[in-house]
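> All I have is the shape, not the residue letters:
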């Protein structure tokens, strides 16, 4: 009873080992055939490289010339190649900065010119009247000399601008000038209700010239 199971177990192990051995040898034959095929492919590829100009040991990169050296590594680039583009980049940067400075300088000159022009116009307007141009007080006294009735400052201003289109004083300037003439005694102030009117003083009125007498012949 005991020997029968032992012999059966050995028979099973033998069958399993024989099957595994057969599988192993089959795989070896497949690998041997595969290695032979790979060897043939290796020889074929080496022949193609030699025909293409390569040595068969170092593959030639696509698009690389026969005698062209391999591209240097990033860390092995010569210092000259690294610094070659620096002057051009610096020049372009300086050119861009100069182009930005030009509009700024032009704007500053334009603003300065505008300020100078405004200052010149202001100085011109503040410049005293030309010697040949009569003063506002003289014009107002002349206007008052042409009227016998008192006149309002508003009426005198309108008459002044009508007769002298280049003179456009403000109402306040006209009133201040008339009050200055009153203080000098050249003009008299007359108050009628809430209105203030002005007349030329008697002393300022030009005396009437006597008519020449006819000479008896």
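Perfect, thanks for sending it. Being a predicted model, the structure only gives us computed values, none of them experimental. Numbers count the residues shown, from 1 in each chain.
> which residues touch stretch 162-173?
Stretch 162-173 is contacted from outside by 136, 139, 143, 153, 154, 157, 160, 161, 177, using C-beta atoms under 8 Å, 6 or more residues apart in numbering. (Glycine included, C-beta is placed from N, CA and C.)
> Which of those residues are buried? Put it as a PyMOL command.
Restricted to buried positions by 16 or more other C-beta atoms under 10 Å, the PyMOL selection for the contacts of stretch 162-173 reads:
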select buried, resi 136+139+143+153+157+160+177
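> between the contacts of stretch 162-173, which is closest to residue 25?
residue 161 (130.4 Å; C-beta to C-beta).
> Strands of this structure, start to end?
For the chain, the strands defined by DSSP state E cover 151-152, 187-192, 195-200.
> Where does the prediction get shaky in this structure?
By pLDDT under 70, the low-scoring segments of the chain are 1-4, 54-109, 111-132, 203-217.
> quick one, longest helix in it?
In the chain, assigned by DSSP state H, the helix with the most residues is helix 3-52.
> The closest residue to residue 147 other than its chain neighbours - how many residues pack around it?
Spatially, and ignoring its direct neighbours in sequence, residue 147 is nearest to residue 199 (7.5 Å; C-beta to C-beta, 6 or more residues apart in numbering). Residues near residue 199, counting by other C-beta atoms under 10 Å, number 18.
> one step back: show only the entries of the contacts of stretch 162-173 found in helices.
The helices, defined by DSSP H, take in 136, 139, 143, 153, 154, 157, 160, 161, 177 from the contacts of stretch 162-173.
> Among the residues you listed, which one sits closest to residue 40?
residue 161 (117.0 Å).
> In contact with that closest one, which residues are there?
Each residue near residue 161 by C-beta under 8 Å, 6+ apart is listed here: 167, 168.
> ok so, going back, tell me the spacing between the residue nearest to residue 147 and residue 6.
Separation of residue 199 from residue 6 (C-beta to C-beta, to the nearest Å): 162 Å.
> Could you double-check that residue 160 sits in contact with residue 142?
No: using C-beta atoms under 8 Å, residue 160 is not in contact with residue 142, being 9.5 Å away.
> which residues does residue 191 contact?
Counting by C-beta under 8 Å, 6+ apart, residue 191 makes contact with residue 197.
> Quick check: bridge partners of it?
residue 196 (DSSP bridges).
> how much space between residue 181 and residue 30?
The spacing between residue 181 and residue 30, counted by C-beta to C-beta, is 133 Å.
> So for the two, which sits in the more crowded spot?
Legend: neighbour count by other C-beta under 10 Å for residue 181 and residue 30, higher for residue 181 (23 against 10).
> helices or strands next to the longest helix of the chain in the packing?
Helix 3-52 sits against no helix or strand, with contacts defined as 3 or more C-beta pairs under 8 Å, 6 or more residues apart in numbering; DSSP states H and E.
> any idea how far residue 162 is from residue 168?
For residue 162 relative to residue 168 (C-beta to C-beta), the value is 11 Å.
> cool, residue 145 as well?
Taking C-beta to C-beta, one finds residue 145 at 22 Å from residue 168.
> higher neighbour count, the two?
Higher neighbour count among residue 145 and residue 168: residue 145, with 13 against 10, using other C-beta under 10 Å.
> So the more buried one is in contact with residue 201, correct?
No: applying C-beta under 8 Å, one finds residue 145 not in contact with residue 201, separated by 10.3 Å.
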